[in-house]
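A.B. asks: Just the structure for this:
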Amino acid sequence: MTLEGKKAPEFLLAGSDGKQHSLQEYAGKTVVIYFYPRDNTPGCTKEACGFRDHYQTLTDRGIVILGVSKDSLAAHGKFIAAYELPFTLLSDPDCSMMRSYEAFGEKVMYGKPTLGTIRSTVIIGPDGVIKKQWAKVAKAELHPEQVVAYLAS
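C.D. replies: A predicted model of the protein is given here:
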């Protein structure tokens with residue numbers, strides 16, 4: 001099931017910048033929200049650094065980048081400091097936002113089904129509608145490039 005073409009679910013989460021963030025505050029902007037399992041893990045670090053490396057290109061075009069995981073704000077702060085991440089990370093400890101964006105559920109890890117964060121991304125248009133969804137990101141290190149290519153087309 002895809003979220004593409006549907007109104008993006010509203011959210012209210014604490015951000016690494018010390019502010020509360022809601023979808024409503026980004027009305028009129030294109031927003032990239034990427035969901036990832038955990039700060040400071042190999043795949044998540046490569047993905048975050050990829051978005052960091054494309055940050056200027058995207059923000060020059062008025063595009064907002066937000067990362068979301070269930071990690072604490074303290075963990076986000078360490079992750080941001082270690083890798084000089086220029087964008088806000090949101091903390092979703094009860095996974096409510098991730099569930100509404102189909103980014104939390106059953107997945108397979110090491111051959112066993114488990115519940116957890118599903119690495120995925122949505123692009124929300126200025127009208128609040130989801131323009132693109134990657135429901136399952138296979139290669140974290142290559143994904144930021146896919147997002148940039150999509151936004152350039």
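A.B. asks: okay, Glu106: pLDDT?
C.D. replies: In this model, Glu106 is scored at 86, pLDDT.
A.B. asks: what residues does the longest helix along the chain touch?
C.D. replies: Longest helix in the chain by number of residues, with DSSP state H as the criterion: helix 42-60. Residues lying outside helix 42-60 but in contact with it, judged by C-beta atoms under 8 Å, 6 or more residues apart in numbering, are 32, 34, 36-38, 65, 67, 69, 79, 83-87, 119, 137, 140-145, 147-148, 151. (C-beta placed from N, C-alpha, C; glycine too.)
A.B. asks: are any of those residues buried, and which?
C.D. replies: Applying a neighbour-count criterion of 16 or more other C-beta atoms under 10 Å, the buried members of these are 32, 34, 36-37, 65, 67, 69, 79, 85, 87, 119, 137, 140, 143-144, 147-148, 151.
A.B. asks: In strands, which of these appear?
C.D. replies: Among those, the ones falling in strands (DSSP state E) are Val32, Tyr34, Ile65, Gly67, Ser69.
A.B. asks: Was I right to think the last one contacts Asp39?
C.D. replies: Yes. With contact defined as C-beta atoms under 8 Å, Ser69 and Asp39 form a contacting pair (6.4 Å).
A.B. asks: Done for today, thanks.
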